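Engineer: sequence first, predicted model second:
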Amino acid sequence: MQRTIGVNTWVWTSPLTDESLAELAPKIARMGFGAIELPLENAGDWDAARAGDLLGSLGLVPVVIGAMGPGRSLVDRAGNVPATQAYLRTCLAAARGVGASVVAGPFYAPTGVTWRMTAGERAEVVAQLRRNLGPLVDEAAAAGLALAVEPLNRYETSVINTVEQGLEALGPLFGPGLGLALDTYHLNIEEKRPDAAIRAAAGNIAHVQVCGSDRGPVGDDHTDWPETLAALDDAGYYGILGLESFTGENATIAVAASVWRPLASSQDDLAERSLRYLTALQGSR
């Protein structure tokens, strides 16, 4: 089965706006992508109804991406929980408005904020996360949506780094309103066997993001892409593969993702090379 390949607008710009989406979405469709990841960094950055009309006319399937910037946290010590819940409700509303079924992101603590934890402290963090995420999961399920929580590498968070940690922390909440978002970049750093980690998440994968092992194009890196797709087959995931990378020209995203150099000859090249490789690989299986 062929998975739809999408791309995140962060490949080109941040923050996404109505104006930049109007320019990027037609280009993304012309390139041949079938889906588009729409970061909502702050409420009001782009209009969901307007975006929905545009993407519908282009045949692009939307996915909403949440950004856990400074102060956004579902854990008390790392940020403002009520404000973060309100932000995530804004993301769910945007998903409904634009016609997306998934809202994905590292929905637990600000990206780039880390701290040491004893076993007891970690247990309390997990308890807080479950307690504060639970109502949002219920609201997502009631609206026919799914939150997809993304494990991040150790340099970007100390809360959930691996699939195993994600399964343990979020297991009681999994269902129609919640799953994991797996990103091959983070799997490459944190998992001893990324393919085994993908298979371990079977039945609980709500979204998948892809990029080269250096955050560059898919296909000329050391990731075993045939085995990655085989693992997704075994895990029963046939949803969108969303290419996520970043431009070093944007200070906020470049610093958060540690993008200090060009990852391809151009951002268009990064996107097009990844699409060609994944399309050919899927076609050969």
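Structural biologist: On my side now, so go ahead.

Engineer: what are the ranges of the helices in this structure?
Structural biologist: Secondary structure of the chain (DSSP state H): helices located at 18-31, 48-58, 81-98, 119-142, 163-170, 184-190, 194-200, 225-235, 251-257, 267-283.

Engineer: between the second one and helix 18-31, what angle do the directions make?
Structural biologist: I take that to be helix 48-58. When axes from the mean of the first three to the mean of the last three C-alpha atoms, to 10 degrees is applied, the directions of helix 48-58 and helix 18-31 differ by 20 degrees.

Engineer: list the buried ones in helix 48-58?
Structural biologist: Ala48, Ala51, Gly52, Leu54, Leu55, Leu58 (16 or more other C-beta atoms under 10 Å). C-beta coordinates here come from the backbone N, C-alpha and C atoms, glycine included.

Engineer: then the fourth one?
Structural biologist: Within helix 119-142, the residues that qualify as buried by neighbour count (16+ other C-beta under 10 Å) are Val125, Val126, Gln128, Leu129, Arg130, Asn132, Leu133, Leu136, Val137, Glu139, Ala140.

Engineer: skipping adjacent residues, who's closest to Leu182 in space?
Structural biologist: Leaving out its chain neighbours, the residue that sits closest to Leu182 by C-beta to C-beta, 6 or more residues apart in numbering is Val208, at 5.1 Å.

Engineer: picking that back up, of the buried residues of helix 48-58, closest to Ala22?
Structural biologist: Relative to Ala22, the closest of the buried residues of helix 48-58 is Leu54; by C-beta to C-beta it sits at 6.6 Å.

Engineer: check what pLDDT the closest one gets.
Structural biologist: Predicted confidence (pLDDT) at Leu54: the value is 98.

Engineer: try Ala251
Structural biologist: What the model reports as pLDDT for Ala251 is 66.

Engineer: go on, Leu21?
Structural biologist: 98.

Engineer: of the helices of the chain, which is nearest Pro106?
Structural biologist: Proximity to Pro106, assessed across the helices of the chain by C-beta to C-beta, is greatest for helix 184-190 (9.2 Å).

Engineer: name the helices or strands packed onto the closest one?
Structural biologist: Counting contacts by 3 or more C-beta pairs under 8 Å, 6 or more residues apart in numbering; DSSP states H and E, helix 184-190 packs against helix 194-200, strand 205-210.

Engineer: a markdown table for those, including mean neighbour count?
Structural biologist: Putting the helices and strands packed on helix 184-190 into a markdown table (neighbours: other C-beta atoms under 10 Å) gives the following:
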| stretch | mean neighbour count |
| --- | --- |
| helix 194-200 | 19 |
| strand 205-210 | 25 |
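
Engineer: could you list the low-pLDDT ranges of this protein?
Structural biologist: 250-252 (pLDDT under 70).

Engineer: tell me the residue furthest from the middle of it?
Structural biologist: Taking C-alpha atoms, centre = their mean as the measure, the residue most remote from the mean C-alpha position of the chain is Gly120, 29.0 Å away.

Engineer: measure that one to Lys27 for me?
Structural biologist: Gly120 sits 51 Å away from Lys27, taking C-beta to C-beta, to the nearest Å as the criterion.
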